[in-house]
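Trainee: Sequence first, then the predicted structure, then my questions.
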Amino acid sequence: LSSRLTDTFKNLRTKGKLSAADVDGTVREIRRALLEADVSLDVVKDFTGKVRERALGDEVNRALNPAQQVVQIVNEELVEVLGGDQRRLQFAKNPPTVIMLAGLQGAGKTTLAGKLAKWLKGQGHTPLLVACDLQRPNAVTQLGVVAEQAGVAIFAPEPGNGVGNPVKVAKQGVAEARAKQYDFVIIDTAGRLGVDAEMMQQASDIRKATNPDEVLFVIDSLIGQDAVATAQAFQEGVDFTGVVLTKLDGDQRGGAALSIRGVTGRPILFASTGEGLDDFEQFHPDRMASRILDLGDILTLIEQAQSAFDEDEAKKVAEKIAKDEFTLDDFLGQMQQLRGAGSIKKMMGMLPGMGKMKDQLENFDEREIIRTEAIIQSMTQDERKNPKILNGSRRLRIAKGSGMTVTDVNSLVQRFEQAAKMMKTVARGGMPQIPGMGPV
Ligand code: GDP
Ligand code: MG
């Protein structure tokens, strides 16, 4: 979806004034890109209709750069379709806050239960996981493993007491939380491979019995066009207060998100981006819109990098960036710290323009850091502080000293310069530019 849209906007950018035909051509391309990304037809029609109307209107005619103004409109409308402002989790007035998870089998509910629990625990809460998937033999064990990983408590049916009756277990779980003063209850439920009346009835019964503050519909963002039908079935069968998109680490970047919000009217609260318990974030419509537009999810990137950084260290780096004193040593230090954060590939995937560089991403590995270390360690202190002095003979010496080629050295220096530039832009509060497109 992303690269398709980027191409469309590139075409637009080469034009000066926009004619109605330009706008129609652009809208047609956007429409095709969205349909290809499995966004539902109704949502696409609605979206392109709004974009077209605004693009033909006064705000574009008056704009200094009409093409950029259209990009801006597309971005704004995307944010709108994705839910406008971000919505936060609703807390109960009197704890515990009860969160029920519903969705098809394999959607990622049990994993999400662990992610939510860990996230809440990190904020000082005391979540209790309640195992109400009594359909699959291993489901309770799986939740137990997840609870242990998250370091939180689990409530599961005792043999002979409530086994086979998830509604009863759910009620007991909430009672347990109240008695032992857990402030959150997360109810994991059973799913089926397809929508199924019995499962839906069970979920609905659990909902009635526990009166949750949030019912989160968990959906695999890879299911494509089925997303809409599945979401509607769950809305009718159980009804839900919010949506969690899982497997956003996969290829599909926005189709499901756009459809579900558009069709159900329910906000997307969280995004799940991997199998690990930390691969989880609050959903930000504006960031998702940028991501769809291939702007790069800079804010999320920075948040993730920050959580891996020592705060003092981060402050120091920010000061250096502001004073233009960011050096290759700092660059190396950052790369090393990012390694601590684990998911370099994912972070790179969020950088602007990287959306298209999938193949390169696949080939990126930790050896890259080791090579970078070798090169930087072959530099003198002066060179690390001021890479501008790296002339040809210095580069050759460094290449020899580190066992790399001059091309490797050149590419490192280039990456350093790009990183320094990008961080400066972000530090000033600006959005990085899409190459060849100007600021949005
Ligand atoms: P449930 O049947 O709804 O409880 O789904 P599970 O939590 O058991 O997840 C099904 C599979 O999807 C497991 O192998 C998970 O590790 C995997 N999974 C869950 N969430 C994500 C995610 O965000 N990204 C990826 N790549 N895998 C996920
Ligand atoms: Mg499960």
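Mentor: Looks like it arrived, so ask away. Ligands and ions are numbered 1, 2, ... in the order given.
Trainee: The closest residue to ligand 2 within the chain: what's it in contact with?
Mentor: Residue of the chain nearest ligand 2, by C-beta to the ion: Thr110 (3.3 Å). (C-beta placed from N, C-alpha, C; glycine too.) Contacts for Thr110 (C-beta atoms under 8 Å, 6 or more residues apart in numbering) come out as 133, 139, 142-143, 146, 188.
Trainee: Taking the residues you listed, please make a ChimeraX selection of just the buried ones.
Mentor: Buried subset of the contacts of Thr110, written as a ChimeraX selection, criterion 16 or more other C-beta atoms under 10 Å:
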select :133,139,142,143,146,188
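Trainee: Tell me which of the contacts of Thr110 fall in strands.
Mentor: The strands, defined by DSSP state E, take in Asp188 from the contacts of Thr110.
Trainee: Run through the residues of this structure sitting next to ligand 1.
Mentor: Within the chain, the positions near ligand 1 by C-beta under 6 Å from any ligand atom are 103, 105-111, 191, 246-247, 249, 272-275, 279.
Trainee: 8 Å instead, please
Mentor: Within reach of ligand 1 by C-beta under 8 Å from any ligand atom, the chain has these residues: 101, 103-113, 133, 136, 139, 142, 146, 188, 191, 218, 220, 246-250, 272-275, 279-280.
Trainee: Show the contacting residues for the closest residue to ligand 1 within the stretch 251-400 of the chain.
Mentor: Residue nearest to ligand 1 within the stretch 251-400 of the chain: Ser272 (3.4 Å; C-beta to the nearest ligand atom). Ser272 is in contact with 108, 111-112, 115, 244-248, 279-280, counting by C-beta under 8 Å, 6+ apart.
Trainee: any chance of the residues you listed in JSON lines, plus pLDDT, secondary structure and neighbour count?
Mentor: As requested, these are exported to JSON lines (pLDDT from 0 to 100; DSSP: H, G, I helix; E, B strand; the rest coil; neighbours: other C-beta atoms under 10 Å):
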{"residue": "Gly108", "pLDDT": "96", "secondary structure": "coil", "neighbour count": "22"}
{"residue": "Thr111", "pLDDT": "97", "secondary structure": "helix", "neighbour count": "23"}
{"residue": "Leu112", "pLDDT": "98", "secondary structure": "helix", "neighbour count": "24"}
{"residue": "Lys115", "pLDDT": "97", "secondary structure": "helix", "neighbour count": "27"}
{"residue": "Val244", "pLDDT": "95", "secondary structure": "strand", "neighbour count": "25"}
{"residue": "Leu245", "pLDDT": "91", "secondary structure": "strand", "neighbour count": "28"}
{"residue": "Thr246", "pLDDT": "92", "secondary structure": "strand", "neighbour count": "27"}
{"residue": "Lys247", "pLDDT": "90", "secondary structure": "coil", "neighbour count": "23"}
{"residue": "Leu248", "pLDDT": "85", "secondary structure": "coil", "neighbour count": "24"}
{"residue": "Asp279", "pLDDT": "92", "secondary structure": "coil", "neighbour count": "20"}
{"residue": "Phe280", "pLDDT": "91", "secondary structure": "strand", "neighbour count": "20"}
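Trainee: between these, which is nearest Met199?
Mentor: Nearest to Met199 among the contacts of Ser272 is Gly108, at 16.2 Å by C-beta to C-beta.
Trainee: Which strand residues bridge the residue nearest to that closest one when sequence neighbours are not counted?
Mentor: Leaving aside its chain neighbours, Gly108 sits nearest to Thr246 (3.5 Å; criterion: C-beta to C-beta, 6 or more residues apart in numbering). Thr246 has the following beta-bridge partners by DSSP bridges: Asp220.
Trainee: Check the gap between the residue of the chain positioned farthest from its centre and Val406 for me.
Mentor: Most distant residue from the mean C-alpha position of the chain: Ser393, 43.8 Å away (C-alpha atoms, centre = their mean). Ser393 is 10 Å from Val406, where distance means C-beta to C-beta, to the nearest Å.
Trainee: on that earlier part again, now do the same contact list for the residue nearest to Gly108.
Mentor: With contact taken as C-beta under 8 Å, 6+ apart, Thr246 is in contact with 107-108, 111-112, 218-221, 271-272.
Trainee: Lowest-confidence one in those?
Mentor: Minimum pLDDT for these is recorded at Ser221 (85).
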